[in-house]
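Engineer: predicted model and sequence below, questions to follow.
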Amino acid sequence: MFIHNFKYELKILLRSKWLLLLFFTMLTIILFAGYNGKQKVDKRFSDIEKAYSAVKKKDSKMLKVLDSLEKGFETSVRSWAKPTRPMHIGYSFPRVAAMPPQALTFISTGQSDLFTHYVQPKAYGDSFLFNYAELSNPIQLLFGSFDLSFVIIYILPLIVIAFSYNIFSSEKESGSLKLLASQPVSMFTWVLQKIGLRFLWLTLITLVILTITFVINEFDFSTNFIAYINTLLLVIAYILFWFVVVLFINIFINNSAKNAVSLLAVWVFIILIIPAIIGQLSNVFYPIPSRSKLISEVRELKDKVSKKQDKILDNYLRDHPEYASNDSSKNYSFWHKYMASQDLVEDELKPLITSYDVQLEQQQRWIQRWQYSSPAIILQEAFNNLAGTSTLHYQNYRKQTSSFAKEWRNFFVPLLYKNEKFSTNLYSKLPSFEYKAPKSFSILIKLISLCLFSLFFISIAWINFKNKLKKGTLISN
């Protein structure tokens, strides 16, 4: 029976040119999506490399001047810009705190088109707390990027629908279903084999083209083979879900025209409406404080602090006697007062920043909690985690850069208060940033969730099939 179905379906697909059309359609859109994703990754690498190159060039010039000053030579550098001044180094020669792309970043843009992938914290100013968003085309942000995750989540289900929307109803409408019912075969087994063969062909074509795309994008299979397998398993589970939905609609409605309309309605509901509702509810239940209001409050606080910097400095030196000087004639500069006020500013800002971060985290928890209401959200979250472009990755990156910013500033504080000069020996001890990616996320739960969705729909299809077969409405017009 299976061999007969296999030969029959293959002849139908070959005669109708479906397999050929399917192959070239998938080849075109997947290769283009992979190319588009690789272009974004290459640009990201290029931006980070340019930032590192600029730092290297500036450091090279600075070290030459510093070496001349240490040897007692005269230079044309103004006094305030001499590299022997610690705070000048801390402000004018910041390090690059970059978040480089991961091996699978090209499959999903995720949040990378909203957040920057490198910052340069300075000893003066705290703009690194807020400048994580990049200016992007709002139209592109509205519709998303044309990457592999977009093709698989949005376009692939439409291909499944076009490929199989009338797989059962067409037999009924042509009259061949009555002849089949008279044969000693299980009709449900027959329809399962029929749709299973189409699932097999589409899945095989998709996986082959995805693998070709990975090869073209120079994916390192030896190092990231598990990530590659996880990606393929997610794609297989997602395709299976949509074929099961197609089977369910074919049995439940059993009319080609109505099948097509119903399947498109299901596509809209699962892929567009459910994610939109969950996103909107997260904003309603956990609204993020106004960013402009936050920045305005920060500026007001800084203004208040700047008016009492002398008193703050006295309290700071009292709390840090190792920085105090017995020389009563010593005049403290702007930098002394500013650095002393930073701890106070951070303490005052902490509730504001925390409220902003807490709301973001609660929104993410809400989405994480309700992601299992839609296979599209499950797959998008899984792809973002595999690609390292999820919101959780960028929140983790922000925490790491904030920690590095404090380390960078605190490196120069002892030099400033002890009136020590910056030297070539200290250059090698400057703090450097190294991004540490969070632990890889398990996709097992997501795979199980997608399979449970498929199991749910196929169970309902089986029950509905049995009921219609008993009533005689499955075959009759």
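Structural biologist: Perfect, thanks for sending it.

Engineer: counting contacts, what elements does the longest helix seen in the chain pack onto?
Structural biologist: Looking across the chain with DSSP state H, the single longest helix is helix 18-70. In terms of contacts (3 or more Cβ pairs under 8 Å, 6 or more residues apart in numbering; DSSP states H and E), helix 18-70 is packed against strand 97-98, strand 118-119, helix 148-150, helix 156-164, helix 187-216, helix 424-427. All C-beta atoms are positioned from the backbone trio N, CA, C, and that covers glycine.

Engineer: alpha carbons of stretch 236-243, as CSV, please.
Structural biologist: Extracted C-alpha coordinates of stretch 236-243, given in CSV (Å, rounded to 0.1, in the frame of the first residue of the first chain):
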residue,chain,number,x,y,z
ILE,A,236,11.3,19.5,10.8
ALA,A,237,9.1,19.8,13.8
TYR,A,238,7.6,23.1,12.5
ILE,A,239,7.0,21.7,9.0
LEU,A,240,5.3,18.6,10.6
PHE,A,241,3.0,20.9,12.6
TRP,A,242,1.8,22.7,9.5
PHE,A,243,1.2,19.4,7.6
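
Engineer: give me phi/psi at residue 410?
Structural biologist: Dihedral angles of residue 410 (phi, psi; degrees, to the nearest 10) stand at phi -70, psi -20.

Engineer: and if you look at residue 428?
Structural biologist: Torsion angles, degrees, to the nearest 10, at residue 428: phi -70, psi -10.

Engineer: what about it, how many residues nearby?
Structural biologist: When counting by other Cβ atoms under 10 Å, one arrives at 6 neighbours for residue 428.

Engineer: correct me, but residue 147 touches residue 39?
Structural biologist: No. Residue 147 lies out of contact with residue 39 (Cβ atoms under 8 Å); the separation is 10.1 Å.

Engineer: more crowded one of these two?
Structural biologist: residue 147 (27 against 11).

Engineer: returning to what we had before: between the longest helix of the chain and helix 187-216, how many degrees?
Structural biologist: Interaxial angle of helix 18-70 relative to helix 187-216 (axes from the mean of the first three to the mean of the last three Cα atoms, to 10 degrees): 30 degrees.

Engineer: ok so, going back, highest mean neighbour count out of the helices and strands packed on helix 18-70?
Structural biologist: Mean neighbour count (mean count of other Cβ atoms under 10 Å) peaks for helix 148-150 among the helices and strands packed on helix 18-70, with a mean of 25.

Engineer: now stretch 248-265: buried residues?
Structural biologist: 248-256, 259-260, 262-263 (16 or more other Cβ atoms under 10 Å).

Engineer: among those, which are in helices?
Structural biologist: Counting by DSSP H, the buried residues of stretch 248-265 place 248, 249, 250, 251, 252, 256, 259, 260, 262, 263 in helices.

Engineer: okay but residue 407 is in contact with residue 430, surely?
Structural biologist: No. At 10.2 Å, residue 407 does not count as touching residue 430 under the criterion of Cβ under 8 Å.

Engineer: looks like residue 164 contacts residue 195 (just checking).
Structural biologist: Yes. The pair residue 164 / residue 195 is scored as a contact, 6.0 Å apart, by Cβ under 8 Å.

Engineer: model confidence for residue 42, exactly?
Structural biologist: Residue 42 is assigned a pLDDT of 93 by the prediction.

Engineer: what pLDDT does residue 82 get?
Structural biologist: We have a pLDDT of 86 for residue 82.

Engineer: got it, and residue 347?
Structural biologist: 71.

Engineer: that one and residue 354: what is the separation?
Structural biologist: Distance of residue 347 to residue 354, computed by Cβ to Cβ, to the nearest Å: 11 Å.

Engineer: okay, and the common contacts of the two?
Structural biologist: Overlap of the contact sets of residue 347 and residue 354 (by Cβ atoms under 8 Å, 6 or more residues apart in numbering) is empty.

Engineer: re earlier: overlap of the contact sets of residue 164 and residue 195?
Structural biologist: Common contact partners of residue 164 and residue 195 (Cβ under 8 Å, 6+ apart): 243, 246, 250.

Engineer: buried residues, the host helix or strand of the first one. List them.
Structural biologist: It refers to residue 243. Using DSSP states H and E, the element containing residue 243 is helix 225-252. Neighbour-count burial for helix 225-252 flags 227-228, 230-231, 233-252 (criterion: 16+ other Cβ under 10 Å).

Engineer: that helix to helix 156-164, inter-axis angle?
Structural biologist: Angle of helix 225-252 versus helix 156-164, following the same axes, to 10 degrees, is 50 degrees.

Engineer: for helix 225-252, packing partners?
Structural biologist: helix 156-164, helix 187-216, helix 256-268, helix 375-387, helix 444-471.

Engineer: starting at the chain centroid, how far to the first one?
Structural biologist: Spelled out, it's helix 156-164. From the chain centre to the centre of helix 156-164 is a distance of 26 Å (Cα atoms, centre = their mean, to the nearest Å).
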